[in-house]
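In: Structure here, sequence nowhere to be found:
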């Protein structure tokens with residue numbers, strides 16, 4: 001019988017309370033003798049039970065002590081046979097062990113209950129996140145598939161031949177949604193940025209991240225074209241024309 005099985009199934013506790021079968025009892029005894037980790041765990045368990053015994057011990061009233069002392073001092077008192085004293089002591093030990101075992105089990109149950117509550121909280125948070133993502137995705141799909149939405153494809157040039165971006169423009173609702181998953185990844189000190197060309201002036205629409213499936217950008221009135229450039233991390237206040245990698249004419 002290995003250490004993992006003994007610890008995970010709580011066999012040390014059952015061994016201490018003599019709740020194992022004869023075969024299991026022998027196996028655990030051998031394992032404790034051979035395994036220092038198990039021996040230390042068992043010794044700590046014994047110490048914990050002993051500590052609980054002292055913590056939960058009931059001090060008898062002073063009058064009981066005085067009355068017992070008077071009886072002991074009286075020569076007429078006939079003492080109980082030793083056998084009965086041993087039986088009473090055994091019953092007391094059994095009662096204490098049972099009480100400690102119930103207390104120990106109660107502590108374990110309370111800990112399991114707290115763990116279950118924590119797991120429920122985590123699952124609820126995950127469910128809330130999934131619901132939020134679903135709502136956002138559903139809204140984005142409605143915007144993409146709307147009758148007034150115009151899809152525009154921005155193909156990459158010689159600087160980035162594999163780049164291909166689809167921009168969904170809705171002039172009625174003044175929204176722009178961009179699918180950027182086909183953009184190649186950039187170094188950490190670089191980022192993609194989209195611009196609208198209005199009468200020869202490039203106006204910032206926002207940063208474009210290839211890590212997001214759909215990105216919402218600023219809608220610019222009277223845009224003649226959409227353009228994507230590579231800029232320093234954090235974006236730029238003006239486009240780096242020589243780093244233009246994709247564009248589309250409206």
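Out: Received, thanks. A quick note: this is a predicted structure, and the numbers were derived from the prediction, not measured.

In: Quick one: residues contacting residue 197.
Out: 203, 223, 224, 225, 226, 227 (C-beta atoms under 8 Å, 6 or more residues apart in numbering). No exception for glycine: its C-beta is placed from N, CA and C like everyone else's.

In: most centrally placed residue in the chain?
Out: residue 122 (6.3 Å; C-alpha atoms, centre = their mean).

In: Now that one. Its backbone dihedrals?
Out: phi -60, psi -40 (degrees, to the nearest 10).

In: so which strand or helix has residue 15?
Out: helix 11-16 (DSSP states H and E).

In: what does that helix rub up against?
Out: So helix 11-16 is in contact with 1, 5-6, 20, 24-25, 28-29, 32, 38, 41-42, 45-46, 49, 101, 104, going by C-beta under 8 Å, 6+ apart.

In: repeat that for 6 Å
Out: 20, 28, 42, 45 (C-beta atoms under 6 Å, 6 or more residues apart in numbering).

In: ok so, going back, just the contacts of residue 197 now: which is nearest residue 168?
Out: residue 226 (11.1 Å; C-beta to C-beta).

In: residues touching the closest residue in space to that closest one that isn't next to it in sequence, list them.
Out: Residue nearest to residue 226 in three dimensions, not counting chain neighbours: residue 248, with 5.2 Å by C-beta to C-beta, 6 or more residues apart in numbering. Counting by C-beta under 6 Å, 6+ apart, residue 248 makes contact with 152, 154, 226.

In: hang on, the earlier thing: can you check the contacts of helix 11-16 and name whichever has the most neighbours?
Out: Highest neighbour count within those: residue 28, with 21 neighbours (other C-beta atoms under 10 Å).

In: That one: which element?
Out: helix 22-34.

In: And for residue 168?
Out: strand 164-170.

In: count of neighbours near residue 11?
Out: For residue 11, using other C-beta under 10 Å, the count is 20.

In: sorry, back to before: by pLDDT, give me the weakest of the contacts of helix 11-16.
Out: pLDDT across the contacts of helix 11-16 is lowest for residue 45, at 83.

In: show me what contacts it?
Out: Residue 45 touches 12, 16, counting by C-beta under 6 Å, 6+ apart.

In: for the helix or strand containing it, the distance to its chain's centre please.
Out: Per DSSP H and E, residue 45 falls inside helix 36-55. How far helix 36-55 lies from its chain's middle: 31 Å, per C-alpha atoms, centre = their mean, to the nearest Å.

In: Could you tell me the angle between it and helix 22-34?
Out: 110 degrees (axes from the mean of the first three to the mean of the last three C-alpha atoms, to 10 degrees).

In: Residue 38 contacts residue 29, doesn't it?
Out: No. With contact defined as C-beta atoms under 6 Å, residue 38 does not count as touching residue 29 (10.4 Å).

In: quick one: stretch 117-128 to chain centroid distance?
Out: 9 Å.

In: Check which residues of that stretch are buried.
Out: Residues of stretch 117-128 include none that count as buried (16 or more other C-beta atoms under 10 Å).

In: returning to what we had before: residues of the helix holding residue 45 that come out buried?
Out: Those would be 38, 41, 42, 49, 52, for helix 36-55 by 16+ other C-beta under 10 Å.
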